[in-house]
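[1] only the shape, not the letters, is given here:
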């Protein structure tokens with residue numbers, strides 16, 4: 001799934017005064033993302049590091065050498 005198919009755009013034109021999309025729009029995006037995940041069309045980006053390499057994982061985060069989540073594996 002491409003990022004453009006999950007954009008918060010065109011949800012009816014109403015935004016709250018804080019600029020946050022309405023709950024209904026978020027629910028639609030959540031439903032679409034979960035459906036794509038179930039159908040194996042989309043997977044979250046994760047970088048896995050053994051716990052013994054926690055320092056390297058931290059450095060990767062500090063230097064923005066990762067995208068998505070960093071997971072330490074025991």
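    Perfect, I can see it now. Just so you know, these numbers come straight off a predicted model, no measurement behind them. Residues are numbered from 1 along each chain as shown.
[2] I'd like to know how many residues surround residue 31.
    10 (other Cβ atoms under 10 Å). The way it works is simple: take the backbone N, C-alpha and C, and place the C-beta from them, glycine included.
[3] state the distance from it to residue 66.
    Between residue 31 and residue 66 the computed distance is 28 Å (Cβ to Cβ, to the nearest Å).
[4] how about residue 74?
    Taking Cβ to Cβ, one finds residue 74 at 19 Å from residue 66.
[5] comparing these two, which residue is more hemmed in?
    Ranked by neighbour count (other Cβ under 10 Å), residue 74 and residue 66 place residue 66 first, with 16 against 5.
[6] excluding covalently adjacent residues, which one is nearest to residue 67?
    residue 45 (5.4 Å; Cβ to Cβ, 6 or more residues apart in numbering).
[7] can you pull the contacts of residue 71?
    When the contact criterion is Cβ atoms under 8 Å, 6 or more residues apart in numbering, the partners of residue 71 are 46, 47, 48, 49.
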